[in-house]
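*Asks:* one predicted model, sequence on top.
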Amino acid sequence: MLQFIFILFTFFHPFYISVTEVKHNAKAKSLEISTKIFFDDLEKDIENESNTNIDIIKPSNKELVDVLISAYLKKHLEIKANGTQVKLSYLGYEIQEDAAWCYLEVQNVNKITTIEINNNTLYNLHKEQINMLNVIVNGERQSTKLDNPQSRADFTF
C-alpha cells in the first residue's frame with residue numbers, strides 16, 4: 001500500500017525544470033541560445049513581474065508577447081563570454097507540446113575559453129525550480145544542473 005501511495009505521489013507531483021543550451025557557432029562567430037520552459041510557468045511568471053495578462057499560445061498581440069518574453073529572458077538569463085557580459089538578442093519563440101522554445105543569439109563571439117551563466121528563470125515562481133544548462137564549444141559539451149536558489153555556473157574550454 002505504501003508503495004502505491006509513493007507511486008501516486010510521484011505521478012501527480014509536479015516538477016519544475018527548464019533546459020537552456022548555449023552553442024558556440026565558430027563559423028558564424030556567434031552564440032546560439034535556446035531555452036525550453038513550460039509555457040504556463042513562463043506565462044505566469046511574466047504576468048507576475050509585468051502585471052500584464054498574456055496568452056503565449058494564442059496571443060492577441062504577438063509583438064507585446066515577444067517584448068515581454070525578451071525582457072523576461074534578458075533579466076533572468078545573463079551570459080559572460082571570456083569574462084565579458086554579452087548582449088542577448090531575442091529572436092522569437094515557438095510552442096512544442098507543453099513547452100515554449102525561446103531563441104536568443106549573441107553576435108561577434110570569435111573564440112570561447114570561458115562562459116559564465118547566471119540563470120534564475122522561474123525562481124520567483126517555484127522554490128523547487130531546476131534549470132539545466134548545456135554548453136557546447138568546439139564540439140565539446142558540458143552540462144550542469146542549477147537548483148533554486150543556485151543560479152550561476154562556470155564553464156572552461
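*Replies:* Yes, it's here.

*Asks:* pLDDT of the top helix by length along the chain, averaged?
*Replies:* Assignment by DSSP state H gives helix 62-76 as the longest helix of the chain. Mean per-residue pLDDT for helix 62-76: 97.

*Asks:* pick out the residue closest to the middle of the chain.
*Replies:* For the chain, T35 is the residue whose C-alpha lies nearest the centre (Cα atoms, centre = their mean; 3.9 Å).

*Asks:* what angle separates the helix or strand hosting it from helix 62-76?
*Replies:* Following DSSP states H and E, the helix or strand that holds T35 is strand 30-38. Inter-element angle recorded for strand 30-38 and helix 62-76: 100 degrees (by axes from the mean of the first three to the mean of the last three Cα atoms, to 10 degrees).

*Asks:* by how many degrees do whatever helix or strand comes next after strand 30-38 and helix 62-76 diverge?
*Replies:* Using DSSP H and E, the next helix or strand after strand 30-38 towards the C-terminus is helix 39-50. Helix 39-50 and helix 62-76 are oriented at 80 degrees to each other (the same axes, to 10 degrees).

*Asks:* what is the burial count for I54?
*Replies:* 18 (other Cβ atoms under 10 Å). Using the backbone N, CA and C atoms, a C-beta is placed for each residue, glycine as well.

*Asks:* which of the three states applies to it?
*Replies:* What DSSP: H, G, I helix; E, B strand; the rest coil gives for I54 is coil.

*Asks:* which strand residues bridge R141?
*Replies:* Counting by DSSP bridges, R141 forms beta bridges with I136.

*Asks:* tell me the gap between the longest helix of the chain and the middle of its chain.
*Replies:* Relative to its parent chain, helix 62-76 has a centroid offset of 12 Å by Cα atoms, centre = their mean, to the nearest Å.

*Asks:* do stretch 92-112 as well
*Replies:* 9 Å.

*Asks:* now the end-to-end length of that stretch.
*Replies:* Stretch 92-112 has an end-to-end distance of 25 Å (Cα to Cα, to the nearest Å).

*Asks:* so where's this structure shaky on pLDDT?
*Replies:* Residues of the chain meeting the criterion pLDDT under 70: 1-13.
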